[in-house]
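Enquirer: Mind folding the following:
(one chain, ligands or ions: 1)
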Amino acid sequence: MTELQLQELLSEMSLGEKIEQMIQFHGGFYGDVKLITGPGHDYSVKPDQQWRIGTVLGEAGYEHLKKLQEGFMEKQPHHIPAIFMSDVIHGYRTIYPVPLGQGASFDPELTRELAEATAKEASAAGLHVTFSPMCDLSRDARWGRCMEGTGEDPWLNARFAEAMVSGYQGDGIDKQGNIAACVKHFAAYGAATAGRDYSGVELCERTLLEDYLPSYEAAVKAGAPLVMSAFNTINRIPCSTNQWLMRKILRERMGFDGVVISDYGAVQETVVHTSSYDKKDAAAKALRAGLDIDMMSDCYLSYLEEQAKESEELRRLIDESCLRVLELKNRLGLFDDPVRGSKELEEKYFYCDAHKELSVRAARESAILLKNEGLLPLAKECRITVVGKLATSTKIVGSWAIFAESDKTVTFGEAVKCRYPEAKVEVYPYDTADEKMLAACKRSDAVIVCMGEEDEKSGESKSISDVSLCREHQMLFDAVYGVNEKILSLIYAGRPLAIPMLAEKSEAILDAWYPGTFGNIGIWELIFGDANPCGRVPMSFPYTTGQLPMSYSAFTTGRPVEDRNGFVPFASNYMDVPNTALYPFGWGLSYSTFEYSSVVLSHDTLTEDGKITATVTVTNKGTMDGKEPVQLYIRDVKGSVIRPCRELKGLQKPFVKAGETVTVSFDITTELLRFYNEDMEFVAEPGEFKVWIGGSSLTKNEAEFRLA
Ligand code: NOJ
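Expert: Here you go, the predicted structure:
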């Protein structure tokens, strides 16, 4: 349709119909595709109203959605089709590593491929929109949802966010095989106080703008047509009714002109937050803040029409929001082709070889070799005992895999049988050691102890106050250690756990995150050396929960400690643990050693419009080919406001053959140096800068330049 036709359609719609377009209900309302079930009664939805709302959440499957869409097309007075949205955040049927694991790949291009494959399956199943990417920067492992994001770094999160949008949306959201992205949760949900889900967010404006917003902005700039407002408050105002956040920052400053949808029930929650007087007030506030779709609350449905009849301003805002929803439907091509997918496409893409291969590859690239004292890779003929319940668990795909089929998940124990049928592996899938298990461990060349958390322990509402390894797994490890010290600690988790004991005693530690449907095959390929680990820490591993929140990109203080060697009295440090992480951002080992040359800068002075090229050579000194995430960090030595000790500003992940050398260059422009100065202007300030290029945030490979 043309814009004019959309305007005409809008002008023919009643006020009630317009508001209905601004509602999203859960698929549970469509029980047997006829009845209003469950929460529908609480929301006093009229019998045929469920067929006139604009969008539906959480349903998928070609046949099912086709039937639903036919219902909408028949019963909506203007035959307006519905949009089907769902959470498909790391795969639809074939599940890939959780987003935090993808963050650990340090490879946004891989994530683009995963999003593209996800879109193929989801679109085959009739979906139009996914509630992804989750761009919430997170520095607190207590927060259960850190698993849904790509980690602690603003620059890296932004690269992953745009990669996901581009992968989902491909060559257009109106095309079969692609789905539209919905950026969430706007904004700064990952900064939930004390890591407790749904709690408030207390951030200074500079931190919000510089650290938390870049990833959302990158996703918006990459063309995502929807944004979801977060549950939390910003400046003590819930995001869904926050005019400053949504109108000033999102729409005006970031230039977003698409649809804003609330999170689940978030509009009515503003009443419970106590910043809205009642649901009527909440509805008006959300609309004024620019929120177009009310997901799963009846604030818009039941409380907007009456007040809008009395208010020209609200009627104008309803027109604007409804038009945005219609425009989105038009961009999705729904007026021409309301039903996505087909039976054939579902059969073609679900678990197809290409997606299976991708799932294995992604798991290989996401796993981080945190420690290795020469135990890995294991020789294929050695005798291995695998212990721990996680070894045979299918709960290693991660949350929001809502359309996954758990019987398709290849467990760690099964993966070795299908990939290495000759391997001498005995599996004891118990978290409590017994004599038989310990006897097997004793006579083995190596023991793999599977530890961490099953995937239901992380995700929404899965915050914890202590991120250390659970007692049961500590005891399991100790029992094995008592009979055989050749231990590979294999971690499955949705967060960086505090594992100082494992770091001290294990010979090797491999963090597999939640690797997805076929990912365990890739984990065995790493263990046996058919692949070379190349994952890096996307979110600091603390020594202890008490260090949280934390990030490598910290600020200096008036009493800093550098390279601490024991406690420093009256300086800013803890008496019991260092300030720094056990495994910091960017850290990760390979079976090869990569040697860096010194950093060579093309110039020692940067001008406002100029650029400096920073170059290193990287040599693979090992005997295995491998990939090395080459990281560029920058520090503004002095500023009108304090600046982080270092910030990631560039990344490349070259493949370097054994014995070969590659040259890696980064362009540095003033664009990378900007921040909010004393007067809240986004500028680069003249002065001295440090640059580091290396294989982790600890690198000391340094050079300096000046900004004129
Ligand atoms: C609540 C979650 O916070 C959000 O991430 C998700 O997209 C919606 N529910 C819809 O399922």
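Enquirer: Would you mind identifying the next helix or strand past the lengthiest helix in the chain?
Expert: Assignment by DSSP state H gives helix 312-331 as the longest helix of the chain. Elements were assigned by DSSP states H and E; along the chain past helix 312-331, the next helix or strand is helix 343-349.
Enquirer: who's in contact with the longest helix of the chain?
Expert: Outside of helix 312-331, the residues within contact range by CB atoms under 8 Å, 6 or more residues apart in numbering are 1, 3, 6-7, 9-10, 13, 15, 18-19, 21-22, 54-55, 80-81, 83, 173-174, 180, 225-226, 257-259, 284, 287-288, 290-293, 304, 307-309, 335. All C-beta spots, glycine's among them, are computed from the backbone N, C-alpha and C.
Enquirer: Any idea how far it is from the middle of the chain?
Expert: Offset of helix 312-331 from its chain centre (CA atoms, centre = their mean, to the nearest Å): 30 Å.
Enquirer: How is the protein partitioned into domains?
Expert: Residue ranges for the domains of the chain, per automatic domain parsing: 356-547, 594-707.
Enquirer: Among these, which comes closest to Y43?
Expert: domain 356-547 (21.7 Å; CB to CB).
Enquirer: I'd like the mean pLDDT over that closest one, please.
Expert: Averaged over domain 356-547, pLDDT sits at 98.
Enquirer: how far does it sit from the chain's center?
Expert: The answer for domain 356-547 is 21 Å, by CA atoms, centre = their mean.
Enquirer: So for that domain, first residue to last residue, what's the gap.
Expert: For domain 356-547, the first-to-last residue distance is 39 Å (CA to CA, to the nearest Å).
Enquirer: Give me every residue in the stretch 201-350 of the chain lying close to the ligand.
Expert: D263, Y264 (CB under 6 Å from any ligand atom).
Enquirer: my guess is V664 contacts P654, does it?
Expert: Yes - assessed by CB atoms under 8 Å, V664 is found in contact with P654 at 6.2 Å.
Enquirer: and the nearest residue to R564 once chain neighbours are set aside, how far is that from G103?
Expert: Nearest non-adjacent residue to R564, counting by CB to CB, 6 or more residues apart in numbering: P578, 5.3 Å away. Going from P578 to G103 by CB to CB, to the nearest Å gives 24 Å.
Enquirer: Looking at those two, which one has more neighbours?
Expert: Using other CB atoms under 10 Å as the criterion, P578 and G103 rank with G103 on top: 31 against 16.
Enquirer: In terms of helices and strands, where is that one?
Expert: helix 99-104.
Enquirer: tell me what that helix is packed against?
Expert: Applying 3 or more CB pairs under 8 Å, 6 or more residues apart in numbering; DSSP states H and E, one finds that helix 99-104 contacts helix 108-124, helix 154-169, helix 353-366.
Enquirer: Return the helix or strand in the chain with minimum mean pLDDT.
Expert: Least confident helix or strand of the chain, by mean pLDDT, DSSP states H and E, is helix 39-42 with a mean of 58.
Enquirer: Just name the most buried of the domains of the chain.
Expert: Highest mean neighbour count among the domains of the chain (mean count of other CB atoms under 10 Å): domain 356-547, with a mean of 21.
Enquirer: Strands of the stretch 501-650 of the chain, residue ranges please.
Expert: Along the stretch 501-650 of the chain, counting by DSSP state E, counting those that start in this stretch, strands occupy 508-511, 594-596, 600-601, 605-606, 612-620, 626-627, 630-636, 647-652.
Enquirer: could you redo those as a markdown table and give each row distance to M73?
Expert: Below are these laid out as a markdown table (distance: least, CB to CB, whole Å):
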| stretch | distance to M73 |
| --- | --- |
| strand 508-511 | 48 |
| strand 594-596 | 58 |
| strand 600-601 | 62 |
| strand 605-606 | 58 |
| strand 612-620 | 57 |
| strand 626-627 | 49 |
| strand 630-636 | 52 |
| strand 647-652 | 47 |
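Enquirer: What pLDDT does the model give the residue lying farthest from the centre of the chain?
Expert: The C-alpha centroid of the chain is most remote from E310, which lies 43.1 Å away (CA atoms, centre = their mean). E310 carries a pLDDT score of 97 in this model.
Enquirer: measure it to P81 for me?
Expert: Going from E310 to P81 by CB to CB gives 32 Å.
Enquirer: Minimum distance to the ligand, which residue of the stretch 51-200 of the chain gives it?
Expert: When scored by CB to the nearest ligand atom, the stretch 51-200 of the chain has F131 as its residue closest to the ligand, at 3.5 Å.
Enquirer: quick one: that residue and F84 touch, right?
Expert: No - between F131 and F84 there is no contact under CB under 8 Å: 11.7 Å.
Enquirer: Comparing the two, which residue is more hemmed in?
Expert: A count of neighbours by other CB under 10 Å puts F84 above the other of F131 and F84, at 31 against 25.
Enquirer: Doesn't that one lie inside a strand?
Expert: Yes - assigned with DSSP: H, G, I helix; E, B strand; the rest coil, F84 falls within a strand.
Enquirer: helix, strand or coil for the closest residue to Y30 other than its chain neighbours?
Expert: Among residues not flanking Y30 along the chain, L68 sits closest, at 6.1 Å (CB to CB, 6+ apart). Recorded secondary structure, L68: helix (three-state DSSP).
Enquirer: Let me know the pLDDT of the residue nearest to R564.
Expert: 94.
Enquirer: In PDB, list the C-alpha atoms belonging to stretch 508-521.
Expert: C-alpha atoms of stretch 508-521 as PDB (Å, rounded to 0.1, in the frame of the first residue of the first chain):
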ATOM      1  CA  ALA A 508      42.100 -27.300  32.100                       C
ATOM      2  CA  ILE A 509      38.800 -25.300  32.100                       C
ATOM      3  CA  LEU A 510      36.500 -25.100  29.100                       C
ATOM      4  CA  ASP A 511      33.400 -22.900  29.400                       C
ATOM      5  CA  ALA A 512      30.800 -24.200  26.900                       C
ATOM      6  CA  TRP A 513      27.900 -21.800  28.000                       C
ATOM      7  CA  TYR A 514      24.800 -23.400  26.700                       C
ATOM      8  CA  PRO A 515      26.000 -24.700  23.300                       C
ATOM      9  CA  GLY A 516      22.600 -25.500  21.700                       C
ATOM     10  CA  THR A 517      21.100 -28.600  19.900                       C
ATOM     11  CA  PHE A 518      24.200 -30.000  18.400                       C
ATOM     12  CA  GLY A 519      26.800 -27.900  20.100                       C
ATOM     13  CA  ASN A 520      28.200 -30.700  22.200                       C
ATOM     14  CA  ILE A 521      29.700 -32.200  19.100                       C
END
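Enquirer: and the closest residue to R443 other than its chain neighbours, what is it in contact with?
Expert: Nearest residue to R443, sequence neighbours excluded (CB to CB, 6+ apart): R383, at 7.0 Å. Taking CB under 8 Å, 6+ apart, we find R383 in contact with K424, E426, R443, S444, D445, A446.
Enquirer: Tell me how far the third one lies from G482.
Expert: If I follow you right, that is R443. 14 Å.
Enquirer: tell me the secondary structure for the closest residue to the ligand within the stretch 451-600 of the chain?
Expert: Closest residue of the stretch 451-600 of the chain to the ligand, CB to the nearest ligand atom: E460 (5.5 Å). Following three-state DSSP, we place E460 in the coil state.
Enquirer: Could you give me the buried positions within the strand or helix carrying L10?
Expert: Using DSSP H and E, L10 sits in helix 3-12. For helix 3-12, a neighbour-count test (16 or more other CB atoms under 10 Å) marks L6, L9, L10 as buried.
Enquirer: Run through who's touching the next helix-or-strand element following it.
Expert: Scanning forward in sequence from helix 3-12 by DSSP H and E, the next helix or strand is helix 15-21. Outside helix 15-21, the residues within contact range by CB under 8 Å, 6+ apart are 10, 13, 49, 52-54, 76-78, 80, 300-301, 304-305, 308-309, 315, 318-319, 322, 325-326.
Enquirer: Can I get the buried part of these as one ChimeraX selection?
Expert: The ChimeraX command for the buried members of those (criterion: 16+ other CB under 10 Å) is given here:
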select :10,13,49,52,53,54,76,80,300,301,304,305,308,315,318,319,322,325,326
